[in-house]
Every structure is written in structure tokens, then in C-alpha cells.
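Chemist: Output the structure for:
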Amino acid sequence: MKTILFICGGNSCRSQMAEGFARFLGGDRFKIRSAGIFPVGVHPMAIWAMTEIGIDISDHACTMLNKDIIAESDYIVTLCREARDDCPPLPPEVKHIHWDIENPDKAYVSEEARQAGFARVRDEIKRRIEQLLIQIDKGEI
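Modeler: Take a look at the predicted model:
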């Protein structure tokens, strides 16, 4: 079974949503993990955004990125520049994919705008996860 690791700075928003989608869409075909450079806790708005579409990530925990997690991975997806730039060197056999996805946890003028921002990022991550799983299944990456 192939292992996919999703990494973002805090392991609070983007990587948690990616893990949730990959588990939901990938079923038991993959082992799915997420980690952060400096984990800070799962963001309540990430939980809200995923719950809104029927995926519960409320039991997810934040994980500090370490060499063991990296060594156990077949695919590593960095979801922001911080994760890409601060990630330790990867073994040559690990396939690295980088997506520069905006941080949904930024200042918004209203709660509605904040929800829309998280939903937009969630939907982008879903689209990318769907494509990634197809590419892996076809042996394209």
C-alpha cells in the first residue's frame, strides 16, 4: 500500500483538509497522513469546511514533520511555499509534488467572507486530490 503525506506549515488547515479528502476519495487504497513544519492544532474553520460537505475531520490530530514520517512515505505533497522551503531533504525514491495553495486562515472582513475563503480552498484541494489519485492509479507519477 502506497503512503501519501500532505505537509503544510501548521498542519491545521490545508494539510488536514487534504488528508480528509484523500481518505474519503482514496478509500483503503492508500495510507494517508499529514504533518506540519510547526503544528498548531486543527483549525475549527477547516473542520467546519469539511463538515459542510459531509467529511468529518474533527478527530484529526496535528503531527510534527519528522524524518520517520518522511521515510515511510511514497508521495509527499507540500501545500505551501513554507512547507516546500522548510521541508528536510527527501529521499530520492520519494515522489514530491508541490501545490502552492493559499492560506485560508487570513484576515477577513466578515464571517461570511471567512467561510467563503475556507470553502474556496477546500474546493481547490478536493479538485487536486481527485487528480492526484487518478495520476497515481494510472502510474503517471
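Chemist: Surely E130 touches L25?
Modeler: Yes - contact status for E130 versus L25: in contact at 6.3 Å, counting by CB atoms under 8 Å. The C-beta positions use only the backbone N, C-alpha and C, and glycine is treated the same way.
Chemist: list the contacts for K106?
Modeler: Residues in contact with K106 (CB atoms under 8 Å, 6 or more residues apart in numbering) are G117.
Chemist: please redo it, this time with the cut-off set to 10 Å
Modeler: R114, G117 (CB atoms under 10 Å, 6 or more residues apart in numbering).
Chemist: quick one: pLDDT of it?
Modeler: pLDDT recorded at K106 is 79.
Chemist: again with E52
Modeler: Looking at E52, its pLDDT stands at 97.
Chemist: go on, N66?
Modeler: pLDDT, N66: 95.
Chemist: thinking again about what came up before, of E130 and L25, who's got more company?
Modeler: A count of neighbours by other CB atoms under 10 Å puts L25 above the other of E130 and L25, at 17 against 14.
Chemist: That one: which element?
Modeler: Assigned by DSSP states H and E, L25 belongs to helix 14-26.
Chemist: what about the helices in the protein?
Modeler: Under the criterion DSSP state H, the chain contains helices at 14-26, 44-51, 67-71, 81-86, 111-137.
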